[in-house]
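Visitor: output the structure for:
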Amino acid sequence: MWDVFLSYSRGDVDRVRPLARALRDGGLSVFTDETGVASFAGISDTIRRELARSTALLAYYSAGYPEREACQWELTTAYLAGLGEGDPRRRVMVVNPEPGTGHIHPVELRDARHASADDLDTLVTVVRDHVGRLEGPMPVREYGAVRRTRGTPQPFPEFLGRLPELWQVHSALHAHSAPLVTGRAAAHAVQIRGMAGIGKTRLAQEYALRFEAAYPGGVYWLSGESYGDYEERYETYAGYASGAEARRGPTAGEPFLWIVDGIPGGRLSTRELARLAAPRPGGHTLFTLRSRAHDGLGTPVDLGPLDTAHARVLVGDDVLAQAVGGHPGASDLLGRAVRAGHAPGSLYDRLHGPGTSPLDTLAHGQGDDTAASMTASLVRDVDTPDAADVLRCAAALHPCR
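Guide: Residues are numbered from 1 along each chain as shown. Next comes the predicted model:
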């Protein structure tokens, strides 16, 4: 069993070695991963096992720390272990070598006191005292062992490159937990914004899966084809929370997550959208929207394309990854086609040739709503008089008409 699991970015290895040596000289047993977790492999069995044998995690939270996927996996695991015991900071300690704290996520860790690596003697004393107050190793949750609640769809099988955004969502939802840092004393809604197919729903689903332990009151997922569908689900879920089983729901005073997914926000007013927010105190509301017209609705988390490395993993081909500019939805469809045996060169030629886009063909050829959601949502968006006028103008001005 380890007293400390030392988590750090590989770029900080030279700065971390004196820290690890000082901890060991101070009588603490320290686990350090000298080999690292393979890129995009998530958290390895070895790391999960050693975390489960460690009393606490000590994060060397440099500016590069949140950019390392392995670091974020380790931090999330320890954070949720403490959260399950009532305090997310219980199993996590932070060494901050930077002058500020803005790079630290989640916000609860930003609000905590951070030990300094400049005074190793004091740091060792602080770590030893903290570990001495803990009993047993951290209770590591099995990833994916989520308690399904109302309306929550199954998560997507692929999730790459959005770990920093997961922490941004969580910090924004819990900004009121650190009022001295954030200036907020009450919970605010959060909106994940971005174009169709950029991964808003996927990020919301992954957040609900990984952070379900933060919401003992449950996870409620509202979706539909029309505003009426959302209103109907709202009444159903709010009624459930107030009904015979309310003692296990939001009215018991337990925090709950309320996700409103996929509304075409440009067609609704901010007031109409706000009426779909969590119906009870203790609710944390998360919207997914394409529109940027609702700044007053809550804290925005804007999604852009995937970085080149993650897009390459999703597609399986460098040229195709560059051709779609890191767009997650397009990358996912092309990646499925490559894995099914389609030649990347042929797909690339079809992307840039005349005729029907291969993305449309691939999406509808999957035979499921998830695969077709990107192109289907784009088609629905142009089914308005204004959109039709735009298409007519584009056709008239096109040089090849």
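Visitor: tell me which helix or strand in the chain has the weakest average pLDDT.
Guide: The weakest-scoring helix or strand in the chain, judged by mean pLDDT, DSSP states H and E, is helix 179-182 (a mean of 39).
Visitor: who's in contact with the helix or strand that that helix is followed by?
Guide: Taking DSSP states H and E as the definition, the helix or strand that follows helix 179-182 towards the C-terminus is strand 190-193. Where contact means C-beta atoms under 8 Å, 6 or more residues apart in numbering, the residues beyond strand 190-193 that reach it are 169, 172-173, 200, 203-204, 284-292, 294, 297-303. C-beta coordinates here come from the backbone N, C-alpha and C atoms, glycine included.
Visitor: stretch 125-135 now?
Guide: Contacts with stretch 125-135, where a contact means C-beta under 8 Å, 6+ apart, come from 3-4, 23, 26-28, 55-56, 58, 90-91, 93, 115.
Visitor: closest to residue 363 among those residues?
Guide: Out of the contacts of stretch 125-135, the one with the shortest distance to residue 363 is residue 91. That distance is 42.6 Å, counting by C-beta to C-beta.
Visitor: confidence score at the closest one?
Guide: Among the per-residue scores, residue 91 holds a pLDDT of 94.
Visitor: residue contacts, the nearest residue in space to it that is not next to it in sequence?
Guide: Once flanking residues are discounted, residue 91 sits nearest to residue 82: 3.8 Å by C-beta to C-beta, 6 or more residues apart in numbering. Remark: with contacts taken as C-beta under 8 Å, 6+ apart, residue 82 is in contact with 88, 89, 90, 91, 92, 138.
Visitor: let's see if you can find the most crowded of the residues you listed.
Guide: When neighbours are counted by other C-beta atoms under 10 Å, residue 92 leads those with 30 neighbours.
Visitor: ok, it touching residue 61?
Guide: No - in terms of C-beta atoms under 8 Å, residue 92 does not count as a neighbour of residue 61; the distance is 9.9 Å.
Visitor: what do those two both touch?
Guide: Shared contacts of residue 92 and residue 61, defined by C-beta under 8 Å, 6+ apart, comprise residue 109.
Visitor: the closest residue to residue 215 other than its chain neighbours in helix, strand or coil?
Guide: The shortest distance from residue 215 to any residue that is not its chain neighbour, by C-beta to C-beta, 6+ apart, is 4.3 Å, and that residue is residue 257. Recorded secondary structure, residue 257: strand (DSSP: H, G, I helix; E, B strand; the rest coil).
Visitor: these two touch, right, residue 257 and residue 284?
Guide: Yes - the pair residue 257 and residue 284 passes the contact test of C-beta under 8 Å, sitting 5.3 Å apart.
Visitor: which residues do those two both contact?
Guide: The overlap between the contact sets of residue 257 and residue 284 (C-beta under 8 Å, 6+ apart) consists of 173, 215.
Visitor: roughly how far apart are the spatially most central residue of the chain and residue 209?
Guide: Centroid-nearest residue in the chain: residue 166, 2.4 Å away (criterion: C-alpha atoms, centre = their mean). Using C-beta to C-beta, to the nearest Å, one obtains 10 Å as the distance from residue 166 to residue 209.
Visitor: re the thing from before, quick one: which of the contacts of stretch 125-135 is nearest residue 271?
Guide: Out of those, the member with the shortest distance to residue 271 (by C-beta to C-beta) is residue 90, at 40.6 Å.
Visitor: what about that closest one, which SS state?
Guide: With three-state DSSP as the basis, the three-state label of residue 90 is coil.
Visitor: now do residue 13
Guide: Classification of residue 13 by three-state DSSP places it in helix.
Visitor: number of residues surrounding it?
Guide: Applying other C-beta under 10 Å, we find 14 other residues in the vicinity of residue 13.
Visitor: ok, which stretches of the chain are strands?
Guide: Across the chain, reading from the start of the chain, the strands by DSSP state E fall at 2-7, 30-32, 54-60, 92-95, 190-193, 219-222, 256-261, 283-289, 299-302.
Visitor: just put those in CSV and tack on distance to residue 239.
Guide: Below are these laid out as CSV (distance: least, C-beta to C-beta, whole Å):
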stretch, distance to residue 239
strand 2-7, 44
strand 30-32, 49
strand 54-60, 41
strand 92-95, 38
strand 190-193, 25
strand 219-222, 12
strand 256-261, 14
strand 283-289, 15
strand 299-302, 28
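Visitor: quick one: which of the ones you listed is nearest residue 46?
Guide: strand 30-32 (10.2 Å).
Visitor: can you list the strands that the closest one pairs with?
Guide: Take DSSP bridges as the rule and strand 30-32 pairs in its sheet with strand 2-7 (parallel).
Visitor: so where's the stretch 301-401 of the chain uncertain?
Guide: 364-401 (pLDDT under 70).
Visitor: how about the helices in it?
Guide: Ranges of helices in the stretch 301-401 of the chain, per DSSP state H, counting those that start in this stretch, are 308-315, 318-323, 328-339, 344-352, 358-365, 369-381, 385-397.
Visitor: and the stretch 151-300 of the chain, by the same measure?
Guide: All helices of the stretch 151-300 of the chain, identified by DSSP H, counting those that start in this stretch, fall at 163-173, 179-182, 200-210, 227-242, 270-274.
Visitor: and the contacts of the first one?
Guide: Read it as helix 163-173. With contact meaning C-beta under 8 Å, 6+ apart, helix 163-173 is reached by 66-67, 69, 72-73, 76, 105-107, 110, 187-188, 190, 192, 203-204, 206-207, 210-211, 214, 257, 284, 286, 298-299, 301, 303.
Visitor: now do the buried residues in that helix.
Guide: Neighbour counts over helix 163-173 (16 or more other C-beta atoms under 10 Å) mark 163, 165, 166, 167, 168, 169, 170, 171, 172, 173 as buried.
Visitor: dump these to JSON lines, plus pLDDT.
Guide: Conversion of the buried residues of helix 163-173 to JSON lines gives the following (pLDDT from 0 to 100):
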{"residue": "163", "pLDDT": "75"}
{"residue": "165", "pLDDT": "87"}
{"residue": "166", "pLDDT": "86"}
{"residue": "167", "pLDDT": "84"}
{"residue": "168", "pLDDT": "87"}
{"residue": "169", "pLDDT": "92"}
{"residue": "170", "pLDDT": "90"}
{"residue": "171", "pLDDT": "85"}
{"residue": "172", "pLDDT": "89"}
{"residue": "173", "pLDDT": "91"}
